[in-house]
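Trainee: return atomic coordinates for the entry below.
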Amino acid sequence: MKCFPSGNGCFWFMFLANLVFVLKCSLLAHAMLDPIDFLALQNIRKSLEDLPGSNYFASWDFTSDPCGFAGVYCDGDKVVALNLGDPRAGSPGLTGRLDPEIGKLSSMTELTVVPGRVFGCLPDTLSQLKNLRFLAVSQNFITGEFPASLGSLQGLQTLDLSFNQLTGSIPYSIGALPALSNIILCHNKLSGSIPPFVSQYLTRIDLKHNDLSGSISPTGLPPSLQHLSLSWNQLTGPVDVLLTRLNQMNYIDLSKNRFIGPIPTELFTFPIANLQLQRNQFSGQVRPTNLVTIPTIDLSFNRLSGEISPMFSTVQNLYLNNNEFMGQVPASFVDRLLASNIQLLYLQHNYLTGIEISPTVEIPISSSLCLQYNCMVLPLQTACPLKAGKQKTRPTSQCIEWKG
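Mentor: Residues are numbered from 1 along each chain as shown. Modelled structure (predicted):
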């Protein structure tokens, strides 16, 4: 077409040509992401807002390529990871709900929601994310029953829904996930029993601060486990057979439950850094066969009896208070205490009859010793925790009755 200065036809032709060019460029920019993923991200954005002080969504301008948005990671034309919220410590996080359209991001392998005020139920559509390996929505206000649909995510490796308000039981389908390596559900309102876990890759279970009950099957946890935290629940039954199988453990916290029975001797040979068994109903004698190398052991507030084993004298922080131990405190404890090798030794509220220590000796300032409320006249006065009470010695009638 020829163009003449006085003709309107050329003007409109050039205008239309430029308009087509602009539209093509816009479509190309959006075509970098799959249209289904593009629309899913739009819906996710509409259902969430920055809390005051957060600027996470400032980059979510849908006139540009969403693969450049904060927290959005793509492989080709698909979203493969979505980290919602600024991950830096102290960020205010987000508020709103997780839109069900999140389940349309079919190639996603990782979903994280940073701590904030996201509320409502987890959408059932998460079960559509068959490639999901990492799911973390912690320290928010997620409510509703634990979504059983997550049990269909056969590739899931890490599940962290801690510090929310989830209710209901942990589905057996979660325990059956074959690739699970970390499950962190602490600080919720979960009830019911703990399902058996079958994954041979499982290294961490954290279910503390819930309302779980019932006993744990002797084969309910895999030998691969290294970190086990079940404190502040209402779990019952013996655990000696179960614990004997978990010889890879480096952290155990079963405190504040209702476990019963003996504490297995083998437990004290495991590579554990911290052993918390306090405030249960464990009973019987505790007799390690070798010097114990676990730095911190808390067996307080149980029903343990017999004499205190000298094998515990190598423990740096040892809580044996509020049990039924009797007899003399081994001399090796005194030696290591005076050499500052023991930092804390709590033996109060037992039936101990003596300790060979000079009344004039000075306990190192870095060490703490409490002996009160036993069947002995205290050889020296030491600072005890306030909850130990004011009585220095147990009533004679109790000591005679116990010895008899």
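Trainee: could you use CA atoms for every contact and neighbour count after this?
Mentor: Will do.
Trainee: in this structure, which residue is closest to the centre?
Mentor: Asp206 (3.9 Å; C-alpha atoms, centre = their mean).
Trainee: what about it, distance to Thr314?
Mentor: 28 Å (C-alpha to C-alpha, to the nearest Å).
Trainee: can you check Leu156 too?
Mentor: 41 Å.
Trainee: surely Ile363 is in contact with Leu337?
Mentor: Yes. Ile363 is within contact range of Leu337, at 7.5 Å (criterion: C-alpha atoms under 8 Å).
Trainee: so between these two, which is more surrounded?
Mentor: Higher neighbour count among Ile363 and Leu337: Leu337, with 23 against 16, using other C-alpha atoms under 10 Å.
Trainee: tell me the backbone dihedrals of the more buried one, please.
Mentor: Dihedral angles of Leu337 (phi, psi; degrees, to the nearest 10) stand at phi -70, psi -50.
Trainee: look at it and report its pLDDT.
Mentor: Looking at Leu337, its pLDDT is 95.
Trainee: sorry, back to before: the residue nearest to the centre of the chain against Asn188, yeah?
Mentor: No. In this structure, Asp206 is not within contact of Asn188 by C-alpha under 8 Å, at 11.2 Å.
Trainee: residues touching Ile260, list them.
Mentor: Going by C-alpha atoms under 8 Å, 6 or more residues apart in numbering, Ile260 touches Thr236, Gly237, Pro238, Val239, Asn280, Gln281, Phe282, Ser283.
Trainee: got TSV for those residues, with distance to Leu132 and secondary structure too?
Mentor: Formatted as TSV, those follow (distance: C-alpha to C-alpha, whole Å; DSSP: H, G, I helix; E, B strand; the rest coil):
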residue	distance to Leu132	secondary structure
Thr236	34	strand
Gly237	36	strand
Pro238	36	strand
Val239	34	coil
Asn280	38	coil
Gln281	41	strand
Phe282	41	strand
Ser283	44	strand
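Trainee: mind putting those residues in a markdown table, distance to Leu84 and pLDDT included?
Mentor: Output for the contacts of Ile260, formatted as a markdown table (distance: C-alpha to C-alpha, whole Å; pLDDT from 0 to 100):
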| residue | distance to Leu84 | pLDDT |
| --- | --- | --- |
| Thr236 | 39 | 98 |
| Gly237 | 41 | 98 |
| Pro238 | 42 | 98 |
| Val239 | 40 | 97 |
| Asn280 | 40 | 98 |
| Gln281 | 44 | 98 |
| Phe282 | 44 | 98 |
| Ser283 | 48 | 98 |
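Trainee: for PyMOL, what selects the buried ones among these?
Mentor: Those of those that count as buried under 16 or more other C-alpha atoms under 10 Å are selected in PyMOL with:
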select buried, resi 236+237+238+239+280+281+282+283
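Trainee: Throw the contacts of Ile260 into CSV and include distance to Trp60, thanks.
Mentor: Formatted as CSV, those follow (distance: C-alpha to C-alpha, whole Å):
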residue, distance to Trp60
Thr236, 50
Gly237, 53
Pro238, 54
Val239, 51
Asn280, 52
Gln281, 55
Phe282, 56
Ser283, 59
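Trainee: now do stretch 143-160: distance from first to last residue.
Mentor: 14 Å.
Trainee: mind listing what's buried along that stretch?
Mentor: 143, 145-160.
Trainee: for stretch 360-373, same thing?
Mentor: Ile363, Ser367, Ser368, Leu369, Cys370, Leu371, Gln372, Tyr373.
Trainee: quick check: the third one touching Ala383?
Mentor: When you say that, I think you mean Ser368. Yes. Between Ser368 and Ala383 a contact is recorded at 7.3 Å, counting by C-alpha under 8 Å.
Trainee: show me where pLDDT drops low in the stretch 251-400 of the chain?
Mentor: For the stretch 251-400 of the chain, no stretch is flagged by pLDDT under 70.
Trainee: what about the helices in the protein?
Mentor: For the chain, the helices defined by DSSP state H cover 8-31, 35-47, 172-175, 240-245, 331-338, 396-403.
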